[in-house]
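Asks: coords below, sequence missing:
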């Protein structure tokens, strides 16, 4: 979708511009003028013919030209008509600032539907409603068509915000960090243009090198995933997603339905598409500052240059915490440093030049460390020197170093001083050296860059397709729906899983003790007996499950006992028989599952069963379709992964079987939208593939 | 220790004051003068008789009076003599700024020892060496005897910093947050006066209500613990401790020795003494800002007032994340709000007054929510309003509300706007309303306050003393030392543990199969056989352990087999016999352990055994002595605690036995300083006390 009409408009009509000082219609117009918009401004207001010297038109019809964009600022009850008139006039791009639509509920929902009818009628492109406008800092247009009280610095960071107020607050706070923006979009209600439309546009927008988003919801998950997966490989995408309080999953439960909260699904989506998730507004700033100014580090070995010991120790702590590594400096570099650093300095990493360091010391040290082969990235800590020099003087010297030398090593400044006139901030900004107040934020941002590089280097996973006879399964789902059955029988579930090649433990429903004994003889191992009845929920507690039966005698006894216990609880016609199943002795209990989220689609879960899921919540999630790479990562993300790989001298289990099973579960979930929840738990996994079997299955289907 | 001499001095001598602009001796003097020190300044310098109009003395001997404090700024080779002369003159309080002591190693270490000789000779009190000085903002003295380039605001926060440079950087950065300080101490090398001396002084310092520390090391852990435990109950103590990269414990190990890193020990110490640990400089600021301005909340129910939706959602997320709760507003309050808020507002919590809210809307809403009984604490979010009002005008209205009404509910401001002249910062500061840039930091700080309140309300634990016959054990340790044995025998360890009432599984060393069979008959249950030999390390792997022996036959066979296997590996005289032990069948594997840290003393560990410790690192630590309350908290801290309490329908284990065992382990560790490491793993724990037994013990003792 080409949105150049919005972001490089030749003219902008303001429907609802106003003369009145302090009114929204006036503030908006003033912003546009003050920021130096290069195109033509066309205010529309029936009550006046000029505002602050700009000719004003009584109506859209009276406009001398067809403007590239119309911004709607009128009252909510007039907004739809205004858009309709714009459409008739041939204006294609509309920004609706007016609020009072879906966000207020009730009548507003209807109003938004009516608005969309007009959009479709005229084939318009619409941003909003209920938004705060758009900005493009490109000097070609210099367009601030928003309520942002602050003019952002020009830069390469695009920012999409679902909350207009948060958006302008971010722009305002960003100026103190000297973060530069390319484009800002207040998305509003996203009634027409949505995240993926904007992201697709930004993908090809030359001035944009980093994309940041504040999101509260994602309307079109498949499109969002498609666009961001592609975009992330070229431009880092940083998302601050509100709604983490939807994590849920507090109760001890092993059901995927209870564990796969919308926020977990969002986390999974972001991982799968290479999105960097910021946890706070501040983190979003810090990451954007890093990516927008410096190249990503080629490795994780960092050096720290400092004039103060304490902050360097804190930085070193952070290096360890966030998975980077302290570089080991070569003897050559160390002796070079010794030539100009005083005796009390440390020429090891962190290089502590001590408090007497002046701008020249900084210059020489930076230069020496940039030449050091063992260093992939640098942090320069500056605590305001008590005497001798200022941060500003140091910044000037860095200009010399960086102009004399092309380097691909990222350099971050940690400036622990107030941002006054001597702090050198404008020079650091000019040199594209990001400045952080505190060591931890700088190190964390570098680590995020490094890990993003690793993600980019990883081969993209494949969505594999496994053979499955879908036509044979159709009957099962149809008959369940016809019978109004929300849960399928053990046999039906076994058929479905088996046809996807998922390994289900052998079992059969029998009507007599003799049949059960025969089954035991057939499978040549111990068996389990369970009653098969939808009427009995807590089978174990009511004596309707018997484990580890090894002889004909014990099988017979168990059969009769279960039947007696079952008949105490329900009528004979509610018991379809006894389920006899092979008993699996070795192996670990794995659990796989799926929950269909109304928004994110099938959310696939994996974890070790029992207390690992219920108590320790050691689970991982992805949304379908799950690639082969995703499936392996799901396992690797588990804290218990070393146990599956084989810890404490024990053999590992068949990892490949598990990752294939995850992919098959994903495929099944996409093939059958009627499956709402599916739990394969326990799925016994062992070193040998033939001993890996799904022992219990729970499947809920949509019956209406 | 009374340090009033340092902090309320009538006169200060500056040994090494200088005329030279930009020199340390001059900068120091200028600071003292500019900040308005109310006492007498006595510069000492042989080369001049006045500096900037202040009379200068050629030597300490020539001083007309005996100053309260002497600050030493001379070269390192002259410093000790200077201190000696001060001592002779009768000056009691010395601040040594001069560097080049222990921190540089080698000769510096000796220099520091020599300095301490002089301190002892004259019974001096000394801060430093290698420090940046001290500050007292109390208008009675107005003393900035430091290199801090910025004058801090006067306030109630004391700050101790082990790093001078970090200290002054913190003071500088704090001014933008408007955090006010009472006392600042750059501790330097802590050669004489240490953390606990300063903390004890601050405990009784009226102007100090919050204590913050930046620490790299703790010299006297018992004194530090004693003082902070007492102090934390009256004034919050916030510590930023560097060195978290000492966490260690990367390899899969279940030995306490490998897991109890110094940083874990520090964490434990802080928990035990109620210290609030900040993870970053910024967190330290944020917590101090909260405690220094507002009362702690009485409950966890918070309300959020906002003029923008997005930031309120982020704040709500943070409320959930940090363990607070969103208050449910009463119908009365809601209808009150409806009377003045526009239709599009939300009168539920968060109360969204929407963008049109002006200062009067804020006033009315704040007032209504302060009256709401269900609310314990408030957050007021202000995104710069596009029109109508400014944060400064809102601040003025808050003055009216807060002066009209006494409230014990803390109110925090989240001001998402640049700190310009309209932002109201000075007014908020005057009203003692802390201002945060971002929702997450504000909510986290409130949560820290709430949790600190819970800690204060908790009854203090008791250090219980369990009966133990120490004299009987003395022989064991002495004979091991005499034999140069680093590890004790199973029998010796059993004797030691038993005498502390720790439940050791029954066992005996036997020399024949018949004895082993007899033991099995005596204990009336299955047994385990293990070779007893210090020469065989990997007993299981080499076939020297046999489990679950239930008959005389199997015991005999096992005895013979183990002997054969053992003799393949070592000489007969290295085998002291076979250890036969009762086999415990039910229960969970717990692990208790102790490591003696050279600095922190005995560090006690607790966790669930096997993969829970090795892979999942689910452990908790405390330093000895461990109180009864500590012991229970150690268990409660474990992620696997619900399993011990009884999860998934299973009975819980004997918690009291475990907490007593932890305390006994603590007592044993303090009784016997020669025990370096002790692991009780596995310690089988079960619902019935008689089934709880320690099955394996490893004890390492100091032999030199």
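Replies: Received the coordinates, thanks. Being a predicted model, the structure only gives us computed values, none of them experimental.

Asks: quick one, domains of chain A?
Replies: A:1-132, A:148-293, A:295-457, A:461-505+A:585-704, A:506-583 (automatic domain parsing).

Asks: tell me which element residue A:497 falls in.
Replies: Element membership of residue A:497 [criterion: DSSP states H and E] is helix A:490-499.

Asks: check which residues of that helix are buried.
Replies: Buried residues in helix A:490-499, counted by 16 or more other CB atoms under 10 Å in any protein chain shown: A:490, A:491, A:492, A:493, A:494, A:495, A:496, A:497, A:499. C-beta: built from backbone N, CA, C; applies to glycine.

Asks: quick check: the fifth one touching residue A:504?
Replies: Yes - Residue A:494 is in contact with residue A:504 according to CB atoms under 8 Å; the separation is 5.0 Å.

Asks: which residues are common contacts for these two?
Replies: Here residue A:494 and residue A:504 share the contacting residues residue A:697, scored by CB atoms under 8 Å, 6 or more residues apart in numbering or on different chains.

Asks: I'd say residue A:439 and residue A:322 touch.
Replies: No - in this structure residue A:439 lies outside contact range of residue A:322 using CB under 8 Å: 11.1 Å.

Asks: re the thing from before, and chain B, which of the buried residues of helix A:490-499 contact it?
Replies: Applying CB under 8 Å from any CB of the partner chain, the subset of the buried residues of helix A:490-499 adjacent to chain B is empty.

Asks: nearest to chain B, of those?
Replies: Of all those, residue A:490 has the smallest distance to chain B: 22.6 Å, by CB to the nearest CB.

Asks: OK, contacts around that closest one?
Replies: A:507, A:509, A:532, A:579, A:697.

Asks: the second one and residue A:531, how far apart?
Replies: The one in question is residue A:509. Going from residue A:509 to residue A:531 by CB to CB, to the nearest Å gives 10 Å.

Asks: near chain B, which residues of the stretch 601-704 of chain A?
Replies: So far as CB under 8 Å from any CB goes, the stretch 601-704 of chain A lies against chain B at A:610, A:611, A:614, A:615, A:616, A:618, A:639, A:640, A:642, A:643, A:647, A:648.

Asks: what about the first one, how many neighbours?
Replies: The criterion is other CB atoms under 10 Å in any protein chain shown. On that basis, residue A:610 has 18 neighbouring residues.

Asks: and if you look at the third one?
Replies: Counted with other CB under 10 Å, the burial measure for residue A:614 works out to 21 neighbours.

Asks: hang on, isn't it packed against residue B:647?
Replies: Yes - counting by CB under 8 Å, residue B:647 is a contact partner of residue A:614 at 6.9 Å.

Asks: ends of stretch A:101-113, what's the gap?
Replies: One end of stretch A:101-113 sits 9 Å from the other (CA to CA, to the nearest Å).

Asks: and the residue in the stretch 301-450 of chain A that chain B sits nearest to, what pLDDT?
Replies: Relative to chain B, the nearest point of the stretch 301-450 of chain A is residue A:310 (2.6 Å; CB to the nearest CB). pLDDT, residue A:310: 92.

Asks: torsion angles phi and psi at residue A:117?
Replies: phi -60, psi -40 (degrees, to the nearest 10).

Asks: which pair of the contacts of residue A:490 spans the longest distance?
Replies: A:509 and A:697 (14.1 Å; CB to CB).

Asks: out of these two, which sits in the more crowded spot?
Replies: More crowded of residue A:509 and residue A:697, by other CB under 10 Å: residue A:697, with 20 against 16.

Asks: where does the closest residue to that one other than its chain neighbours land on pLDDT?
Replies: Excluding the flanking residues, the one nearest residue A:697 by CB to CB, 6 or more residues apart in numbering or on different chains is residue A:493, at 4.5 Å. pLDDT, residue A:493: 93.

Asks: ok, residue A:493 touching residue A:696?
Replies: No - using CB under 8 Å, residue A:493 is not in contact with residue A:696; the gap is 9.6 Å.

Asks: now the helices for the stretch 301-450 of chain A?
Replies: Applying DSSP state H, counting those that start in this stretch to the stretch 301-450 of chain A gives helices spanning A:309-321, A:331-340, A:359-370, A:391-404, A:425-430, A:439-457.

Asks: the fifth one near chain B anywhere?
Replies: In other words, helix A:425-430. No - with CB under 8 Å from any CB as the measure, helix A:425-430 is seen stopping short of chain B, the closest distance being 13.5 Å.

Asks: output the contacting helices and strands for that helix.
Replies: Here helix A:425-430 is seen to pack against helix A:391-404, strand A:411-416, strand A:435-436 when contacts are counted using 3 or more CB pairs under 8 Å, 6 or more residues apart in numbering or on different chains; DSSP states H and E.

Asks: for the first one, packing partners?
Replies: Right, helix A:391-404. In terms of contacts (3+ CB pairs under 8 Å, 6+ apart), helix A:391-404 is packed against helix A:359-370, strand A:377-383, helix A:425-430.

Asks: how about the residues of the stretch 401-550 of chain A that lie near chain B?
Replies: Neighbours of chain B within the stretch 401-550 of chain A, by CB under 8 Å from any CB: A:416, A:417, A:418, A:437, A:438, A:439, A:440, A:441, A:541.

Asks: worst-scoring helix or strand of chain A, pLDDT-wise?
Replies: Counting by mean pLDDT, DSSP states H and E, chain A has its least confident helix or strand at helix A:256-259, which shows a mean of 77.

Asks: and residue A:474, how many neighbours does it have?
Replies: With other CB under 10 Å as criterion, residue A:474 counts 11.

Asks: wasn't it part of a helix?
Replies: Yes - under DSSP: H, G, I helix; E, B strand; the rest coil, residue A:474 falls within a helix.

Asks: grab the nearest non-local neighbour of the closest residue to chain B within the stretch 101-250 of chain A.
Replies: When scored by CB to the nearest CB, the stretch 101-250 of chain A has residue A:163 as its residue closest to chain B, at 2.6 Å. Distances taken as CB to CB, 6+ apart place residue B:310 nearest to residue A:163, at 2.6 Å, with adjacent residues excluded.

Asks: neighbours around the one you found, how many?
Replies: 27.

Asks: how close does it sit to residue B:118?
Replies: On the measure of CB to CB, residue B:310 and residue B:118 end up 62 Å apart.

Asks: again with residue A:609
Replies: In terms of CB to CB, residue A:609 sits 68 Å off from residue B:118.

Asks: please apply the same query to residue A:76.
Replies: In this structure, residue A:76 and residue B:118 are 81 Å apart, going by CB to CB.

Asks: the two - which one has more neighbours?
Replies: Between residue A:76 and residue B:118, residue B:118 has the larger neighbour count (other CB under 10 Å), namely 21 against 18.

Asks: so what does the helix or strand that contains that one touch, helix or strand wise?
Replies: If you go by DSSP H and E, residue B:118 is part of helix B:107-122. Applying 3+ CB pairs under 8 Å, 6+ apart, one finds that helix B:107-122 contacts helix B:76-89.

Asks: can we see that at 10 Å?
Replies: Packing partners of helix B:107-122 (3 or more CB pairs under 10 Å, 6 or more residues apart in numbering or on different chains; DSSP states H and E): helix B:76-89, strand B:93-96, strand B:125-127.

Asks: shaky segments in the stretch 101-250 of chain A?
Replies: Counting by pLDDT under 70, the ranges of the stretch 101-250 of chain A that qualify are A:245-250.

Asks: now swap in the stretch 601-704 of chain A and tell me
Replies: A:648.

Asks: could you check how far residue A:608 is from residue B:682?
Replies: Distance from residue A:608 to residue B:682, by CB to CB: 20 Å.

Asks: same check, this time on residue A:335
Replies: In terms of CB to CB, residue A:335 sits 54 Å off from residue B:682.

Asks: one step back: show me which of residue A:439 and residue A:322 is the more surrounded one.
Replies: residue A:439 (29 against 17).

Asks: quick one: contacts for that one?
Replies: Residue A:439 sits next to A:304, A:306, A:310-319, A:379, A:381, A:412, A:414, A:416, B:166, B:280-282 when contact means CB atoms under 10 Å, 6 or more residues apart in numbering or on different chains.
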